[in-house]
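**Student:** with the input below, show me the fold.
(2 chains)
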Amino acid sequence: MSAGIKLSPIPTLPPPVDPSQEDITIVMRRDLRRALAKPIEQRHWGMVIDLQRCTGCQGCTIACINENKLPPGVVYRPVLENVSGTFPNVSKQFLPRPCMQCEDPPCVPVCPVAATYKRPDGIVAIDYDVCIGCRYCITACPYSARTFDWGEFYGDAVCGAPTAYEEVPSLEYGKVWMREPGTSPIGNTRKCQFCLERLDHGELPACTETCFGRATYFGDLNDPEALVNRVRQDRQMMQLKSDLGTNPSVFYLL
Amino acid sequence: MVNSSVRTDLPRAPGLARSPWTWLLGVLVLLGLVAWVYELGHGLAATGMRDVVSWGMYIFTFAYLVGLSAGGLIVASSSEVFHIEALRPLARLGVLTAAVFSAAAGLMIIPDLGQPIRVLNLFIFPNWTSPLVWDVTIITIYFLFSVLELWVMVRRPEKKKTLTTLAFIGLPLAVLLHSITAIIFGLQMSRPWWNTALMAPIFVASAILSGTALIVLIAWILQRYNNLRIPAATWRWLAGLMVMALFVDLFFVASDYVTIAWDNIPKDRQVLDLILPGGPYQLTFWFEWVLGGVIPFVILASSKLRAKASNLALAAALILMGVYAFRIELVIPAFVNPLIQLPPGTSLGAVSTSGSFQLVGHYSPTWVEYLITVGLFALTALAIAIGYRRLHLGRTIQEAAEHVAD
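**Tutor:** The predicted model follows:
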């Protein structure tokens, strides 16, 4: 290292991706509408998460739970944490973990009744009406991105019955799902599906919309002009467990 | 019906309905049914399974039941295919256990499903890339085949050619059944501990081991309490079969241990450490290697000890426990360490006092799981007892035994 370079002790955040005055959610929503105008098989929904911008606030986790009306302990998008170093030279990294929507998903071929499948736009979906609840897909997912709805309610421990806010239906896959004992999605595997019902209405996934660090980018990976592709240009990237050959549609900027 | 004269020197066992054992088993079956109804009402939340350990007692018992069924047909077919006259008396008993236990394995899957009412989807919308569908198919075929073979054996015993053909089909079918069950686990690239090419060989060896042990135990009970005389040559063959299978089974398992221990790759090694002495799951190790391994091996290898049928029965009982321990060891420790081990861990699908995430999975079956599993075992015992009497297996075992030279 030459003496002329001055090292900054604190890593600086990269400059905002879009230098224009527009908020990136507005840019991404425009990207989204452009993608929706194309036939479904020509789009490939993908997500890019900038680990340098993630503050670990878990806002995305909460937004996701709220959007999908998730029961106790069913989490589609946890924010994992990694502490490295020892005090005082210690740092903490955050890793939001949605479903990777793999190009070659290990969970899909193992489903005995083809209830889970990859859509033409790359999203791995579950047909709640077909799933028998065998949980084979949960064992097959390398990312623990699939959770099972065991049928618990927050109200069980408090008042022995579902609380009022648990009787609000979930709108996953554009349908109305009331959680009642014995009926789907109770007894089914559940997972992140990039908020399909929001995409269909031209809206961003709840996690992306919420992210106040603006660390989550979403869009059509097939569209070179989309922010989700522009933001990846000059950055180091990784996919989780890329050695498995699953080829996730979720990229992390390092 | 067997066309020989009815023998009068054979003692008649007391009627099943009057035996206290029947009543005990009946009560256990009933309790299992009550537990199942409770589970239907409460969903899988009534079990001890949650997201980190998402398969439990039902699945390792299922794998155990499949193994027991494969062994029966292997014993029965071997007598025909390899011309082992000494095993011929037990051929029908073997096929009966094959039919009963393959049916039980199929039944075991139903309480494991989150949506049991949709179990028929397995046949209506089968997804042929899924090893689970291959397994459902082979179990169904295996069950139907066992029933067919049993029917021919009992009703058309004069059709020697057909019986030989069936035996030749039965042997590969039994090997296939267990290989495919192993593949459910073995083909999962994301799961350390399961993703090994040794899985199918281990399953086939343990199936022959536990299946033979089951036949030995039943034969001993019949000899001890039903005054049936099993020839010494038959005992010798069964002992030989068990000791060989025991050796091969433990050899395969040990090969797996050595590879994992030497490579020392964390994701594999941490599972092995769970079951090795000192780990939280060491009980399965002691059951598999000492109680169900070394001790029965010594009994079976010593010509003095194995000469007594009761010693063989003891070895068989120990082996049956050891193989069950192996099934537990296979399924549960594979789940204990989440696949991404960053805090806060994997979500549970439930809220517990320690939060809704776990970095180390825990599993203990609930009373519902225990009762359903015990009830199903009781049901298989009842089915074998009823089948044994209704098909007059005692008489045919005795007749065939007379043709076996000691």
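
**Student:** run the contact check for the helix or strand hosting A:Val48 versus chain B.
**Tutor:** Element membership for A:Val48, per DSSP states H and E: strand A:45-50. No: using C-beta under 8 Å from any C-beta of the partner chain, strand A:45-50 stays clear of chain B, with a minimum separation of 14.4 Å. The way it works is simple: take the backbone N, C-alpha and C, and place the C-beta from them, glycine included.

**Student:** please tell me how far whichever residue of the stretch 101-250 of chain A sits closest to chain B sits from A:Ala125.
**Tutor:** Nearest residue of the stretch 101-250 of chain A to chain B, counting by C-beta to the nearest C-beta: A:Gly133, 2.1 Å away. Using C-beta to C-beta, to the nearest Å, we find A:Gly133 at a distance of 16 Å from A:Ala125.

**Student:** give me the more crowded residue out of the two.
**Tutor:** A:Gly133 (24 against 19; other C-beta atoms under 10 Å in any protein chain shown).

**Student:** surely the more buried one meets A:Pro185?
**Tutor:** No: under the criterion of C-beta atoms under 8 Å, A:Gly133 makes no contact with A:Pro185, lying 9.8 Å away.

**Student:** show me the helices in the stretch 151-254 of chain A, by range?
**Tutor:** Using DSSP state H, counting those that start in this stretch, the helices of the stretch 151-254 of chain A run over A:154-158, A:196-199, A:206-210, A:227-230.

**Student:** what does the second one contact?
**Tutor:** With contact meaning C-beta atoms under 8 Å, 6 or more residues apart in numbering or on different chains, helix A:196-199 is reached by A:32, A:36, A:45, A:67, A:123, A:125, A:171-174, A:204-206.

**Student:** name the nearest residue to residue 62, sequence neighbours excluded.
**Tutor:** Here I'm looking at chain A. A:Thr210 (7.6 Å; C-beta to C-beta, 6 or more residues apart in numbering or on different chains).

**Student:** ah, I was thinking of chain B
**Tutor:** B:Met108 (4.3 Å).

**Student:** so B:Asp112 touches B:Phe60, yeah?
**Tutor:** No: judged on C-beta under 8 Å, B:Asp112 makes no contact with B:Phe60 at a distance of 10.7 Å.

**Student:** with neighbour numbers in mind, choose between these two.
**Tutor:** Neighbour count, other C-beta under 10 Å: between B:Asp112 and B:Phe60, B:Asp112 has more, with 24 against 21.

**Student:** contacting residues around the closest residue to that one other than its chain neighbours?
**Tutor:** Leaving aside its sequence neighbours, B:Asp112 sits nearest to B:Tyr58 (C-beta to C-beta, 6+ apart; 3.9 Å). B:Tyr58 is in contact with B:Thr47, B:Met108, B:Ile109, B:Pro111, B:Asp112, B:Glu369, B:Ile372, B:Thr373, counting by C-beta under 8 Å, 6+ apart.

**Student:** what are the ranges of the helices in the stretch 251-400 of chain B?
**Tutor:** Using DSSP H, counting those that start in this stretch, helices in the stretch 251-400 of chain B cover B:266-275, B:282-286, B:295-301, B:309-331, B:333-336, B:367-390, B:393-401.

**Student:** in the first one, what's buried?
**Tutor:** Pointing back at helix B:266-275 there. B:Asp268, B:Arg269, B:Gln270, B:Val271, B:Leu272, B:Asp273, B:Leu274, B:Ile275 (16 or more other C-beta atoms under 10 Å in any protein chain shown).

**Student:** just confirm the third one contacts B:Asn337, I think it does.
**Tutor:** Yes: under the contact definition of C-beta under 8 Å, B:Gln270 touches B:Asn337, with a separation of 5.4 Å.

**Student:** need the residues of the stretch 301-406 of chain B near chain A, please.
**Tutor:** B:335, B:338-340, B:342-344, B:346-352, B:356-357.

**Student:** list just the nearest of the residues you listed to B:Ala317.
**Tutor:** B:Phe335 (28.7 Å; C-beta to C-beta).

**Student:** ok, now which ones touch the closest residue to the closest one other than its chain neighbours?
**Tutor:** Spatial nearest neighbour of B:Phe335, excluding adjacent residues (C-beta to C-beta, 6+ apart): B:Val53 at 4.1 Å. B:Val53 makes contacts with B:Ile332, B:Phe335, B:Val336, B:Gly361, B:His362, B:Tyr363, as judged by C-beta under 8 Å, 6+ apart.

**Student:** got the residues you listed as TSV, with distance to B:Ala207, pLDDT and neighbour count columns?
**Tutor:** What follows is the contacts of B:Val53, written out as TSV (distance: C-beta to C-beta, whole Å; pLDDT from 0 to 100; neighbours: other C-beta atoms under 10 Å in any protein chain shown):
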residue	distance to B:Ala207	pLDDT	neighbour count
B:Ile332	20	97	23
B:Phe335	23	96	24
B:Val336	25	96	21
B:Gly361	28	93	20
B:His362	30	92	16
B:Tyr363	25	94	20
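
**Student:** ok and the residue in chain B nearest chain A?
**Tutor:** B:Gly114 (2.1 Å).

**Student:** look up how far A:Tyr154 lies from that residue.
**Tutor:** From B:Gly114 to A:Tyr154 the distance is 20 Å (C-beta to C-beta).

**Student:** more neighbours: which of those two?
**Tutor:** B:Gly114 (23 against 15).

**Student:** residue contacts, residue 112?
**Tutor:** You didn't pick a chain, so chain A it is. A:Pro112 touches A:Ile132, A:Cys134, A:Tyr136, B:Leu122, B:Pro126, B:Asn127, B:Ser130, B:Leu132, B:Val133, B:Val136, counting by C-beta under 8 Å, 6+ apart.

**Student:** try chain B instead
**Tutor:** Taking C-beta under 8 Å, 6+ apart as the test, what B:Asp112 contacts is A:Cys134, B:Trp55, B:Tyr58, B:Ile59, B:Phe62.

**Student:** check what pLDDT A:Thr163 gets.
**Tutor:** We note a pLDDT of 89 for A:Thr163 in this prediction.

**Student:** do the one 3 residues further on as well
**Tutor:** The predicted local distance difference test score for A:Glu166 is 90.

**Student:** tally of neighbours for it?
**Tutor:** A:Glu166, neighbours per other C-beta under 10 Å, totals 15.

**Student:** look at the residue nearest to it when sequence neighbours are not counted and report its pLDDT.
**Tutor:** Residue nearest to A:Glu166 in three dimensions, not counting chain neighbours: A:Phe153, with 5.4 Å by C-beta to C-beta, 6+ apart. Listed pLDDT for A:Phe153 reads 92.

**Student:** distance check, A:Phe153 against B:Leu40.
**Tutor:** Counting by C-beta to C-beta, the gap from A:Phe153 to B:Leu40 is 18 Å.

**Student:** those two - which one has more neighbours?
**Tutor:** A:Phe153 (21 against 13).

**Student:** how near is the nearest residue to B:Ala35 once chain neighbours are set aside to B:Gly48?
**Tutor:** Nearest in space to B:Ala35, with sequence neighbours left out and distances taken as C-beta to C-beta, 6+ apart, is B:Leu371 at 3.6 Å. Separation of B:Leu371 from B:Gly48 (C-beta to C-beta): 13 Å.

**Student:** A:Leu196 - how many residues pack around it?
**Tutor:** Neighbour tally, A:Leu196, other C-beta under 10 Å: 18.
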